[in-house]
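In: when you get a sec, could you give me coordinates for this:
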Amino acid sequence: MERRRFTESNRQRRRADSERCIANHPLPIAVVSPSLLAPRCRPAFTLTELLVAIAILSILVTLLFIPMTTAFDNARRGRIMSELQNAADYALEIMARELMQATEVLPQRRVHAEDHTYTYPSGRRILHRQGEPLNLLDDLDRFQVSGNQLADDPSNPNASSDDDTTARIDFVVRAVQGDRLTPQNWQQTYTVLTYYLRRSDPSHPFQYLEVGNARANRRQIFRVHWQPDPTVEPQYDPATGRWLVRDGWALEDFSIFQLPDPRNPNPANYLQPPPSPNTKLLSHIALTPPDIDVANLRFTVERRPENDPKAQKPVAVIIEMTLRKPTPGARAKSPNETDVPSLFIRRRVRVVLPNVL
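Out: Below is the predicted model of the structure:
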């Protein structure tokens, strides 16, 4: 009992000494011996110090976030550029290799010899008139000028046509059977390879970016291997200096052969007039992926300088293409908007035609 009273009095004396020491020494708390400090005198952050610490941390995080964001953006841009380069190299490799096997190249100065109309299951109807140049189903089908704006109008026969003759090339290759050239009639020993520009879905208008529920419908390069009707050949018109073409030589969309019943002669026919029964589609594939837009495709045929147009044999073909893809985060306000941030890649290749005699 006496020991407990002694301990209690000792604690009271030590607490009184601590309070008297704090009152008699107006020094910072840090210089006072820790054994003399009461629990209520422990140091803490003030509001100002806390705000300063938060501000410093915010600045450090910002300084680190900016280079990280730039690095991620550069990585995405690098991936897109790699995709563009691979797509361009793949398409050019195939076109250059097959063009070197060409025995004849169709002249590009050609116009339609007759009217024809595409009618797709979606209800889109596209007109092509006699005497007009080839108007591929790439961006605008038929357009009319309204002030300074171009309006897509596929049903107006009085609207102007778009000249896309340089975005398509047709060349003849001899048929091969058993790895040997067939020695029969020339009408049975050659096929045609065609490269042309077209929207991914020709039954819907061109759209570069997705807007709302409308999906992107970009342009692609297509390769067609087909057998022409020997009775429907291009005819040269001396009056205009152009070649009159019809049937497969004038088709802007070879996928009609892959639609159900493309030659069904009823009013719901997809193409009017229908293609010739002797025109056969051997293959139809895309050389570029649908997520990459082919902004420009041009074939320039170099020919021998002869007075007779029929004697102007081709000697080389220059291929020019521009591929593009929107940058990460690019947005369009309207479906027809194409002026959005994009990454581009351009290629130009000259292919010599050694097999043209």
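In: partner strands of the top strand by length along the chain, with direction?
Out: Ordering each strand of the chain by length in residues (DSSP state E) puts strand 314-326 first. In the sheet, strand 314-326 lines up against strand 293-303 (antiparallel), strand 342-352 (antiparallel) (DSSP bridges).
In: can I get the ones you listed in a markdown table with distance to Glu49 and mean neighbour count?
Out: Backbone N, C-alpha and C define where each C-beta goes, glycine included. Supplementary listing: the strands paired with strand 314-326 in a markdown table, determined by distance: least, CB to CB, whole Å; neighbours: other CB atoms under 10 Å:
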| stretch | distance to Glu49 | mean neighbour count |
| --- | --- | --- |
| strand 293-303 | 56 | 19 |
| strand 342-352 | 48 | 15 |
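In: distance to Ile126 and mean pLDDT for those - can I get that in TSV?
Out: Formatted as TSV, the strands paired with strand 314-326 follow (distance: least, CB to CB, whole Å; pLDDT from 0 to 100):
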stretch	distance to Ile126	mean pLDDT
strand 293-303	19	93
strand 342-352	27	93
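In: export the ones you listed as a markdown table, with columns for distance to Arg199.
Out: Formatted as a markdown table, the strands paired with strand 314-326 follow (distance: least, CB to CB, whole Å):
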| stretch | distance to Arg199 |
| --- | --- |
| strand 293-303 | 10 |
| strand 342-352 | 17 |
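In: Thr231 touches Asn278, doesn't it?
Out: Yes - at 7.3 Å, Thr231 and Asn278 qualify as touching, with contact defined as CB atoms under 8 Å.
In: residues contacting Arg347?
Out: Ala88, Leu92, Ile319, Glu320, Met321, Thr322, Leu323 (CB atoms under 8 Å, 6 or more residues apart in numbering).
In: mind checking how far the third one is from Pro238?
Out: Distance check for Ile319 against Pro238: by CB to CB, to the nearest Å, it reads 30 Å.
In: what element comes up after the helix or strand of the chain with the lowest mean pLDDT heading to the C-terminus?
Out: None of the helices or strands of the chain scores lower by mean pLDDT, DSSP states H and E than strand 180-181, at a mean of 44. Once strand 180-181 ends, the next helix or strand along the chain (criterion: DSSP states H and E) is strand 190-199.
In: so in that sheet, which strands flank that next one, and in what orientation?
Out: Partners of strand 190-199 in its sheet, by DSSP bridges: strand 168-174 (antiparallel), strand 219-227 (antiparallel).
In: now the contacts of Arg347 in a markdown table, with pLDDT and distance to Leu197?
Out: Output for the contacts of Arg347, formatted as a markdown table (pLDDT from 0 to 100; distance: CB to CB, whole Å):
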| residue | pLDDT | distance to Leu197 |
| --- | --- | --- |
| Ala88 | 95 | 14 |
| Leu92 | 95 | 15 |
| Ile319 | 95 | 12 |
| Glu320 | 95 | 12 |
| Met321 | 95 | 9 |
| Thr322 | 95 | 11 |
| Leu323 | 96 | 12 |
